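Visitor: sequence-free structure coming up:
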């Protein structure tokens, strides 16, 4: 990828995670020629609206014309709320994002544990993506290895990554959906997930009128 055509990727982490959780993904995408930014935010300590506007500000301030968003888990909900305010073109890759709302979050709320564990993340995780406005081509990569902390809270039926069920990641507004053998945290280091992400970002999807 030439400097003149260099594109950017912004990585957005999920619940209870930090910028460093993207270490392997960041290194991989940098080696592929992308300028990589890592967006960090307080997942439980501040309203999601604040996180959304911080992501909007970072994305719109990038010098690159094309800025892709690669997001994990709750980061997908933050990104979907940010998209209507983002002026840059690019694609959206979601890794295990509970866009239909999280069963685990609902169970935590029912038990009253959300006040300590989820706080400001409660509403977005319980509701998921409401009235989506999508302005870019999107791909969801979900996992089907059911080993994760979510199983301790709620025994999920059907395929899941141990925290988010495959069903929670499916929607008619998602252009491409793929299930791979990984658990929820494993999506951040899974070789196939990284390859699928790169191939999707490289794919010419001009027929949809989006980059």
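Guide: Now that the structure is in, tell me what you want to look at. Note that the structure is predicted; figures quoted are calculated from it, not measured.
Visitor: only C-alpha atoms for contact and neighbour calcs from this point on.
Guide: Fine.
Visitor: Adjacent strands (with direction) for the helix or strand harbouring residue 139?
Guide: Under the criterion DSSP states H and E, the helix or strand holding residue 139 is strand 138-143. Partners of strand 138-143 in the sheet, by DSSP bridges, are strand 92-95 (parallel), strand 176-180 (parallel).
Visitor: any idea where the helices of this protein begin and end?
Guide: Using DSSP state H, the helices of the chain run over 23-31, 48-61, 75-82, 103-111, 114-117, 122-127, 150-153, 191-202.
Visitor: Only the buried residues of the first one, if you could.
Guide: By neighbour count, and taking 16 or more other C-alpha atoms under 10 Å as the criterion, the buried residues in helix 23-31 are 25, 26, 28, 29.
Visitor: want to throw these into TSV with pLDDT and distance to residue 73?
Guide: Listed next are the buried residues of helix 23-31 as TSV, based on pLDDT from 0 to 100; distance: C-alpha to C-alpha, whole Å:
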residue	pLDDT	distance to residue 73
25	97	15
26	97	17
28	98	20
29	98	19
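Visitor: Could you say which of the strands paired with strand 138-143 is packed most deeply?
Guide: strand 92-95 (a mean of 27; mean count of other C-alpha atoms under 10 Å).
Visitor: can you list the residues that contact that one?
Guide: If you take C-alpha atoms under 8 Å, 6 or more residues apart in numbering as the criterion, strand 92-95 is touched by 68-73, 76, 136-142, 187-188, 197.
Visitor: Let's test this: name the helix or strand in this protein with the lowest mean pLDDT.
Guide: Lowest by mean pLDDT, DSSP states H and E among the helices and strands of the chain is helix 150-153, with a mean of 61.
Visitor: chain center to stretch 85-101: distance?
Guide: In terms of C-alpha atoms, centre = their mean, to the nearest Å, the centre of stretch 85-101 is found 6 Å from the chain centre.
Visitor: List the buried residues for it?
Guide: Under 16+ other C-alpha under 10 Å, the buried positions of stretch 85-101 are 86, 88-101.
Visitor: So which of the helices of the chain is nearest residue 180?
Guide: For these, proximity to residue 180 was assessed by C-alpha to C-alpha; helix 191-202 is nearest, at 7.6 Å.
Visitor: Which elements pack onto that closest one?
Guide: helix 23-31 (3 or more C-alpha pairs under 8 Å, 6 or more residues apart in numbering; DSSP states H and E).
Visitor: Now do the helix it packs on against helix 191-202, angle only.
Guide: Angle, helix 23-31 to helix 191-202, by axes from the mean of the first three to the mean of the last three C-alpha atoms, to 10 degrees: 40 degrees.
Visitor: Centre-most residue in this structure?
Guide: Among the residues of the chain, the one closest to the centroid is residue 71, at 2.5 Å (C-alpha atoms, centre = their mean).
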